[in-house]
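[1] no FASTA, just this:
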């Protein structure tokens, strides 16, 4: 009986969905795209920050990098919703209007 249970329980190795693994090239391409997106959004944030920091300090700013448009609101979800309404398929980045742009500080 113990021989049956030993054969029946074999450890499964590997990922849950091996067919969905990304190649190193695809991972590198995705990383490069994300860095380019962040660079563009950083440029837009730095250009807009001096105009906004006094009146909108600690508000959230969602940037759509292709158009250069940004949406601000006290509530991050509302700012994201505004961006999503105008650009439903865009990849946007969220900043906080402060000296660093960092959100959700502890």
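    Perfect, thanks for sending it. Note that the coordinates shown come from a computational prediction; the quantities given were computed from them, not determined experimentally.

[2] Does residue 94 belong to a helix, a strand or coil?
    Three-state call for residue 94 (DSSP: H, G, I helix; E, B strand; the rest coil): strand.

[3] Can you name the residues bridging to the residue most central in space within the chain?
    Against the mean C-alpha coordinate of the chain, by C-alpha atoms, centre = their mean, the closest residue is residue 93 at 6.1 Å. Beta-bridge pairing for residue 93 (DSSP bridges): residue 63.

[4] show me the residues around it that make contact.
    By C-beta atoms under 8 Å, 6 or more residues apart in numbering, residue 93 lies in contact with 37, 38, 41, 62, 63, 65. No exception for glycine: its C-beta is placed from N, CA and C like everyone else's.

[5] Could I get the full set of helices for this structure?
    2-8, 24-52, 76-86 (DSSP state H).

[6] To residue 100, which of these lies closest?
    Of all the helices of the chain, helix 24-52 sits nearest to residue 100, with 9.8 Å by C-beta to C-beta.

[7] so what secondary structure elements neighbour that closest one?
    Applying 3 or more C-beta pairs under 8 Å, 6 or more residues apart in numbering; DSSP states H and E, we find helix 24-52 packed against strand 60-63, strand 70-73, strand 93-96.

[8] now the chain, which segments are flagged as low pLDDT?
    1-15, 18, 104-106 (pLDDT under 70).

[9] Just give me the neighbour total for residue 70.
    23 (other C-beta atoms under 10 Å).

[10] right, and it touches residue 60 too?
    No. With contact defined as C-beta atoms under 8 Å, residue 70 does not count as touching residue 60 (10.1 Å).

[11] So what's the gap between stretch 32-43 and the chain middle?
    11 Å (C-alpha atoms, centre = their mean, to the nearest Å).

[12] check contacts around residue 53.
    Going by C-beta under 8 Å, 6+ apart, the list of residues near residue 53 reads 97, 98, 99.

[13] Just the buried ones among those residues, please.
    97, 98 (16 or more other C-beta atoms under 10 Å).

[14] Using TSV, lay out the helices and strands packed on helix 24-52 together with distance to residue 79.
    Converted to TSV, the helices and strands packed on helix 24-52 look like this (distance: least, C-beta to C-beta, whole Å):
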stretch	distance to residue 79
strand 60-63	4
strand 70-73	4
strand 93-96	7
